[in-house]
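[1] Build me a model:
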Amino acid sequence: MAFLAGEMATAGRINRLQSASYGAIGSGVVSASSTNVDVPSATVTVTTETAGARYVATCVWDYNTLGIPGASSTARMALDGVGQSPLATFRGDAASERGTITQTYRGTLGAAGSYTFKLIASTATNTEVQGVNCSITVEITEVA
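    Numbers count the residues shown, from 1 in each chain. Presented below is the predicted three-dimensional model:
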């Protein structure tokens, strides 16, 4: 954000020079055979003051195979209820396999206002997500 000659530095503009970070840790379990289910408590709601704010979200899911190996599970971040790309994937090929999957999402938010970021997961019939080991961190950088 640039200041032009003669412009006033307002408190609002100066506050937006610094990015803001928000985070949440999941809870509970996303049970086997679930499709695009919210990871409990892994939700962050932010309010931006300007249009065009940028975000970087780091998302972590913890998958656990429950006995019968060989199926794939997926996860992603949802922004205001819409699943985002890239997709995070886990495939447990052993009877008791565990995997921590991480994805990073980047984008620009349209108008000023409230936005909700959350973790969602789809599990195979033999796999669950350990919500207590899942997390989402969102960093917001606003513009002038």
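[2] From here on, just use CA atoms for contacts and neighbour counts.
    OK.
[3] Partner strands of the helix or strand that contains residue 129, with direction?
    Here residue 129, judged by DSSP states H and E, is contained in strand 127-130. The pairing partners recorded for strand 127-130 under DSSP bridges are strand 29-30 (antiparallel), strand 54-65 (antiparallel).
[4] Rebuild those strands as CSV, extending it with distance to residue 42 and mean neighbour count.
    Formatted as CSV, these follow (distance: least, CA to CA, whole Å; neighbours: other CA atoms under 10 Å):
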stretch, distance to residue 42, mean neighbour count
strand 29-30, 11, 20
strand 54-65, 9, 22
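[5] Take those strands and lay them out in a markdown table including distance to residue 101.
    Output for the strands paired with strand 127-130, formatted as a markdown table (distance: least, CA to CA, whole Å):
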| stretch | distance to residue 101 |
| --- | --- |
| strand 29-30 | 15 |
| strand 54-65 | 5 |
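[6] so for the strand holding residue 129, what's the average pLDDT?
    Averaged over strand 127-130, pLDDT sits at 93.
[7] chain center to it: distance?
    17 Å (CA atoms, centre = their mean, to the nearest Å).
[8] Name the next helix or strand downstream of that strand, please.
    strand 135-141.
[9] Surely residue 93 touches residue 69?
    Yes - shown here, residue 93 and residue 69 form a contact pair, counting by CA atoms under 8 Å, at 4.7 Å.
[10] Compare neighbour counts for those two and give me the winner.
    residue 69 (18 against 15; other CA atoms under 10 Å).
[11] and that one, what helix or strand is that in?
    Going by DSSP H and E, residue 69 is not in any helix or strand.
[12] ok, it - contacts?
    For residue 69, the contact set (CA atoms under 8 Å, 6 or more residues apart in numbering) comprises 92-96, 126.
[13] mind redoing it with 7 Å?
    Listed by CA atoms under 7 Å, 6 or more residues apart in numbering, the contact set of residue 69 reads 92-95.
[14] between these, which is nearest residue 140?
    residue 92 (34.2 Å; CA to CA).
[15] now the closest one: how far from residue 32?
    Distance, residue 92 to residue 32, by CA to CA, to the nearest Å: 13 Å.
[16] neighbour-wise, which of these two wins?
    Counted by other CA under 10 Å, residue 92 and residue 32 do not tie: residue 92 has more neighbours, with 23 against 18.
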